[in-house]
Each structure stands twice: as structure tokens, then as C-alpha cells.
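Visitor: Provide a 3D model corresponding to the input given below.
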Amino acid sequence: MKKNKGIISTGLVIGLISVLLVKFGNPANMGFCIACFIRDTAGALGLHRAEAVQYVRPEIIGIIIGAFVMSIAGKEFKVKGGSAPLTRFVLGFFVMIGALMFLGCPLRMILRLAGGDLNAVIGILGFTAGIFVGVLFLNKGFSLRRTYELPKFEGFIMPSVTVVLFILLVAFPSLLLFSEKGAGASHAPIYFSLVDGLIVGVLAQKNKLCCAGGIRDVIMFKDFHLISWFLAIFVAALVGNLLLGQFKLGFVDQPIAHTDGLWNFLGMGLVGFASVLLGGCPLRQLILSAEGNIDSAITVLGLVFGAAFAHNFNLASSAQGPTLNGKVAVVIGFIVVFLIGYFNIEKSTEVEIKEGVEIEI
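Guide: Below you'll find the predicted structure:
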């Protein structure tokens with residue numbers, strides 16, 4: 001019971017922080033969006049040419065540094081890797097393709113719903129369906145094999161990169177690209193965003209938070225513990241949006257969203273499917289990379305590459321809807337992820353899945 005209270009409290013705090021970030025300048029219904037923030041950061045570094053989404057998001061920096069410090073303090077910093085890194089890169093790539101079809105990661109999906117965007121309901125259904133398909137592969141024996149202990153130096157690279165990004169943001173901004181309009185131009189003050197990211201990083205690391213893991217555990221084990229933080233975020237963000245006048249119920253004219261139900265469903269379906277095979281959603285991959293998991297760091301690079309590729313080749317959706325290129329990419333994504341799932345089933349080994357297993361690489 002005490003454990004449930006802790007994770008519910010964490011969800012309430014993150015929900016409140018998300019609402020406040022919007023209040024202080026972040027795009028509407030985007031207090032936190034791992035996919036969007038990685039995309040914006042990739043744009044600021046010149047990895048894509050979409051001028052409307054270019055800004056180094058301090059929230060991402062805070063999440064990684066907060067999780068890194070927490071893992072050191074809790075003696076959970078363990079440097080490991082070697083579990084199908086290139087496959088994980090490809091899966092991360094297609095997670096981002098799916099997220100930019102929907103226009104948001106699983107965390108933003110809940111925040112969109114808490115802001116009244118009913119398109120998020122379709123996204124939730126797709127995300128759940130994708131996780132269900134992924135669970136079928138897990139039950140068949142899917143595995144990306146074991147990890148191996150690596151030199152500690154490897155584990156410090158990801159946190160160090162984020163520190164360098166922050167230095168560039170505050171001391172050498174002329175070296176970066178910044179949006180003058182659009183989502184990239186909407187952001188809360190730098191240090192407010194950084195502190196909020198630090199808080200989320202600490203809480204997410206301590207409580208092993210994962211958007212995909214909560215639904216996966218419900219499907220596989222009828223265990224509602226991990227999903228409780230997801231529900232708590234929704235409640236806190238909903239109440240906060242109502243109190244601050246940031247709630248708008250409906251399907252149309254929602255901020256940074258489109259109303260194509262089929263592709264909202266399929267986009268988040270791809271995110272859910274690939275996230276289960278990866279062992280965690282984009283937020284979880286950031287946390288694991290901060291804990292020294294090099295395979296997760298490679299996955300994050302896949303997310304970055306996917307964001308850059310999506311905007312350079314017109315795959316990302318907009319408020320006007322999905323693009324033809326984006327639809328083709330999502331279909332290809334399902335084919336590739338299915339093949340990855342199929343060819344990584346350990347047919348000669350009986351895989352025993354025990355209740356309570358942590359969704360982690």
C-alpha cells in the first residue's frame with residue numbers, strides 16, 4: 001500500500017509540474033513530451049530543417065541529470081550494454097516515427113487528454129493495442145539477449161553530453177538554432193524547465209516509471225501498480241488545467257494535434273509495439289541511459305535520428321493531418337518491428353515470465 005502511495009504521489013507531482021510548465025510558456029498540452037522535446041533539441045543542433053521546432057529543451061537535460069544523480073545516490077548506476085544495440089537503434093527510430101505521426105509520446109498522450117483533447121482517446125486505444133501485440137511476442141519468447149558489464153567511463157557519456165548541451169544553451173546560444181515561431185518558440189524559462197526536469201528525473205528513476213510498462217503489466221499480470229502513476233498524472237493535470245483555464249474539450253482545433261483517428265491509432269500503436277520490444281517507453285529509455293545502460297543510450301540516439309529523419313523527409317504530422325510520407329513510414333515501421341519481433345523469438349528455449357518482472361533492458 002505504501003509503495004502504491006509513493007508512485008501515485010509521483011504521478012500527481014508530475015501532472016502538476018506539466019500544467020505549470022504550460023502556464024509558464026510551454027506549448028499547450030505539452031508540459032512534458034519526450035518525443036517532442038527530443039525533436040526540438042535535434043532541431044536546435046541543426047539535425048533537421050523544420051524552423052518551427054528548434055530549441056534545446058532543458059527538461060530533457062534535467063531528466064537525465066536527475067536520474068543520473070539518483071542512480072548514483074541509490075547505488076543503481078550500473079554500466080552495461082551489448083544487447084542488440086543496432087536493433088534497439090532501429091526500434092527507437094520507429095518509436096519516434098509513430099510518435100510524430102500522433103504528435104506526442106505516451107506521456108503527452110495523457111496530458112493531451114487531461115487538456116480535453118479527445119483525439120488522445122484514440123491514441124490510448126492504439127497504444128494499448130500495440131502493447132498487446134508486443135506482449136504476444138514476449139509470451140512467445142521474444143528477447144534481445146543479455147547485456148554485459150562495460151567500463152564505467154561509458155556510463156558517464158550520456159550525462160556529460162547533456163551538461164554540454166546546457167552549457168551551449170546558456171553560455172553559447174549563438175551556436176544553436178532557435179525557433180522564432182511555432183512550438184519551438186514556446187517554452188518556459190530555462191531554469192524553471194531545468195528544475196522541473198530534475199524533479200521528474202529523480203522521481204522517474206526512483207519509481208521505475210514507464211508508460212508502456214504500466215499497461216503491459218495490466219495485460220500480462222493484472223497488476224495495476226505501475227499504471228497508477230499514469231492515472232495520477234491525468235487526474236492532477238486535469239484538475240490543474242480546469243483551475244488555470246487551460247482545458248478545452250473536443251476533437252477539433254486542439255493545440256498541435258490532428259483529427260485523423262486512423263493514423264492517431266496506428267501511430268501510437270507503433271509506439272506501443274516497439275516500446276514493449278525495447279523494454280520501455282521513451283521516458284524509460286532516458287532514465288535507463290542515465291543509469292549507465294548503453295543500449296538505452298543507443299535507443300535514445302535512434303529517437304534523435306528518427307526525429308531528424310521525420311522532419312527532413314516530411315514524415316511528421318501537423319495540425320493539418322498526417323502526410324503521405326508519414327503514412328508510408330508508419331506502415332513500414334510495423335513491418336520492420338514485426339520482423340524484429342519474429343526473428344528474435346527464442347524458439348529453442350522455454351521462456352518463463354514471472355509476475356512483477358521489471359520492464360527494463
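Visitor: make it CA atoms for all contacts and neighbour counts henceforth
Guide: Will do.
Visitor: Could you check the element among helices and strands of the chain having the smallest mean pLDDT and say which residues are buried?
Guide: Taking mean pLDDT, DSSP states H and E as the measure, the helices and strands of the chain show their lowest mean at helix 2-23, namely a mean of 91. Along helix 2-23, the positions that meet the burial threshold by neighbour count (16 or more other CA atoms under 10 Å) are 7-23.
Visitor: Which strands or helices does the helix or strand following it pack on?
Guide: Counting by DSSP states H and E, the element after helix 2-23 in chain order, helix or strand, is helix 34-44. The contact analysis (3 or more CA pairs under 8 Å, 6 or more residues apart in numbering; DSSP states H and E) places helix 34-44 against helix 58-73, helix 85-102, helix 282-290, helix 294-312.
Visitor: if we go to 7 Å?
Guide: Using 3 or more CA pairs under 7 Å, 6 or more residues apart in numbering; DSSP states H and E, the elements in contact with helix 34-44 are helix 294-312.
Visitor: which residues touch the helix it packs on?
Guide: 38-39, 42, 47-50, 80-83, 85, 88-90, 92-97, 155, 158, 285-286, 288-289, 316 (CA atoms under 7 Å, 6 or more residues apart in numbering).
Visitor: following that helix, which helix or strand shows up next?
Guide: Towards the C-terminus, the helix or strand next in line after helix 294-312, according to DSSP H and E, is helix 324-343.
Visitor: pLDDT value on Leu107, please?
Guide: You'll see Leu107 listed with a pLDDT of 97.
Visitor: My guess is it contacts Cys33. True?
Guide: Yes - the pair Leu107 and Cys33 qualifies as a contact (CA atoms under 7 Å) at a distance of 6.0 Å.
Visitor: which element is the closest residue to Met70 other than its chain neighbours on?
Guide: Closest residue to Met70 apart from its sequence neighbours, by CA to CA, 6 or more residues apart in numbering: Val202 at 5.7 Å. Per DSSP H and E: Val202 is located in helix 190-207.
Visitor: Would you mark the buried spots in the helix or strand immediately after that helix in the chain?
Guide: Downstream of helix 190-207, the next assigned helix or strand under DSSP H and E is helix 211-221. Taking 16+ other CA under 10 Å as the neighbour-count basis, helix 211-221 is seen to contain the buried residues Cys211, Ala212, Gly213, Gly214, Ile215, Arg216, Asp217, Met220.
Visitor: for stretch 159-168, same thing?
Guide: Within stretch 159-168, the residues that count as buried by 16+ other CA under 10 Å are Pro159, Thr162, Val163, Leu165, Phe166.
Visitor: which residue packs closest to Val330, ignoring adjacent ones?
Guide: The shortest distance from Val330 to any residue other than its chain neighbours is 6.2 Å, reached at Gly98 (CA to CA, 6+ apart).
Visitor: So the one you found is in contact with Gly267, correct?
Guide: Yes - contact between Gly98 and Gly267 holds when scored by CA under 7 Å: they sit 4.1 Å apart.
Visitor: anything in contact with each of those two?
Guide: A shared contact of Gly98 and Gly267, defined by CA under 7 Å, 6+ apart, is any residue touching both; here these are Val330.
Visitor: Can you give me the pLDDT of the closest residue in space to Tyr191 that isn't next to it in sequence?
Guide: With CA to CA, 6+ apart as the criterion, Tyr191 has its nearest non-adjacent residue at 7.7 Å, and that residue is Pro58. The predicted local distance difference test score for Pro58 is 98.
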